[in-house]
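Participant: My questions concern the predicted model and sequence given below.
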Amino acid sequence: MVAAGAFAEHLQQVRRLSPATVRAYRSDLRDLGDSIGGRDLADIDLEALRDWLWRATQRGDARSTLARRAAAARSFFSWAQDEGLIEHDPSLRLVAPKRGRTLPTIASRESLTALLDARRAAAAGGDPIALRDHAILELLYGAGIRVSELCGLDLDDLDLDRGTARVLGKGSKERVVPFGAPARKAIGAYLTRGRPALATRGEASSPAVFLGARGGRIGPRTVYAVVAEALGPLVGADTVGPHALRHSAATHLLDGGADLRAVQEILGHASLGTTQIYTHVSAERLTATYRLAHPRA
């Protein structure tokens with residue numbers, strides 16, 4: 001679509017959205033361009049946009065995808081109007097189906113404790129990959145960070161004495177997150193015995209904390225594979241990823257009495273409303289326990 005490239009640059013440079021969000025919006029606009037053909041921006045009206053969303057509905061796109069597509073269109077046409085490319089914004093009344101609320105996948109504290117204990121025992125043999133994977137699992141759960149934040153960690157971002165990590169979150173917002181003694185020990189063991197062995201496999205030294213099998217900075221796909229292999233059997237899902245450990249950390253913090261705003265800061269959520277979903281998780285877990293245990297449930 002005309003001007004989509006300039007809009008993507010605006011999203012990245014001005015609004016500082018994540019690369020994943022920029023790619024998703026570009027994909028949405030390409031899909032819109034295919035739907036409307038070669039029509040000029042000024043000729044696109046509300047009915048064309050509604051027809052585009054209707055076709056996506058007929059394809060079976062999820063409600064979350066439809067909501068994102070509508071958001072992409074509204075953002076694009078608002079920008080185009082501000083830039084003087086169009087006189088009127090046709091997306092002002094564009095409405096997508098409301099997203100259904102789906103509660104995140106979490107693992108119980110007991111199952112995660114057993115898993116991490118088993119991983120610690122496996123890493124005791126000194127295998128570099130086992131040491132790395134144990135440290136990754138401990139840090140994802142212990143600090144509740146995103147996979148992108150973990151992959152972006154450099155050595156000088158860690159303070160093992162204080163048990164903190166400096167991470168770069170969404171919108172390039174930096175924050176310092178704490179982690180506990182188990183994660184500190186696992187990271188220390190990895191940095192001492194595992195990382196040096198992996199670093200020798202790379203062509204050049206890397207400042208990254210976590211390295212791949214070839215010695216370069218670890219990528220999200222590798223972390224996803226590590227978490228899926230370890231956590232999948234616990235939650236009964238083949239597609240579970242690092243976010244399940246983040247979800248679990250947030251839920252367990254709230255279960256343990258942590259303040260909602262403190263959890264918001266740890267997770268790096270811009271809105272408290274995003275964090276509040278974990279209160280629903282805790283409430284539903286409590287209700288499920290009540291129904292199983294109370295004789296008058």
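Facilitator: That came through fine.
Participant: Kindly list the main-chain dihedrals of the most centrally placed residue in the chain?
Facilitator: The residue lying closest to the centre of the chain (CA atoms, centre = their mean) is residue 146, at 5.1 Å. Dihedral angles of residue 146 (phi, psi; degrees, to the nearest 10) stand at phi -80, psi 160.
Participant: Looks like it contacts residue 247 (just checking).
Facilitator: No - applying CB atoms under 8 Å as the test, residue 146 and residue 247 come out as separate, 11.3 Å apart. In short, each C-beta sits where N, CA and C put it, glycine included.
Participant: For the chain, which segments are assigned as strands?
Facilitator: Under the criterion DSSP state E, strands of the chain are mapped to 158-159, 164-168, 174-178.
Participant: which of the ones you listed is buried the deepest?
Facilitator: strand 164-168 (a mean of 18; mean count of other CB atoms under 10 Å).
Participant: quick one: strands adjacent to it?
Facilitator: strand 158-159 (antiparallel), strand 174-178 (antiparallel) (DSSP bridges).
Participant: quick one: average pLDDT of that strand?
Facilitator: Strand 164-168 shows a mean pLDDT of 94.
Participant: could you dump it to CSV, C-alpha only?
Facilitator: Output of strand 164-168 as CSV, limited to C-alpha atoms (Å, rounded to 0.1, in the frame of the first residue of the first chain):
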residue,chain,number,x,y,z
THR,A,164,19.1,-7.6,39.6
ALA,A,165,19.1,-7.3,35.8
ARG,A,166,18.7,-4.2,33.7
VAL,A,167,16.4,-5.0,30.8
LEU,A,168,15.2,-3.1,27.8
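Participant: Next up, the contacts around residue 128.
Facilitator: Neighbouring residues of residue 128 by CB atoms under 8 Å, 6 or more residues apart in numbering: 193, 194, 195, 197, 198.
Participant: Can you give me the distance of the nearest residue to the fourth one once chain neighbours are set aside to residue 206?
Facilitator: Read it as residue 197. For residue 197, ignoring the flanking residues on the chain, the nearest one in space by CB to CB, 6 or more residues apart in numbering is residue 128 at 4.1 Å. Remark: distance between residue 128 and residue 206 (CB to CB, to the nearest Å) = 14 Å.
Participant: List the contacts of the residue nearest to the centre of the chain.
Facilitator: 167, 169, 170, 242, 243, 246, 268.
Participant: May I ask which of those residues has the most neighbours?
Facilitator: Highest neighbour count within those: residue 242, with 25 neighbours (other CB atoms under 10 Å).
Participant: Correct me if wrong: that residue contacts residue 150.
Facilitator: Yes - with contact defined as CB under 8 Å, residue 242 reaches residue 150; the gap is 7.3 Å.
Participant: and for the two, which residues touch both?
Facilitator: 140, 223.
Participant: picking that back up, which of the strands paired with strand 164-168 sits closest to residue 24?
Facilitator: Comparison of the strands paired with strand 164-168 against residue 24 by CB to CB identifies strand 174-178 as nearest, at 23.6 Å.
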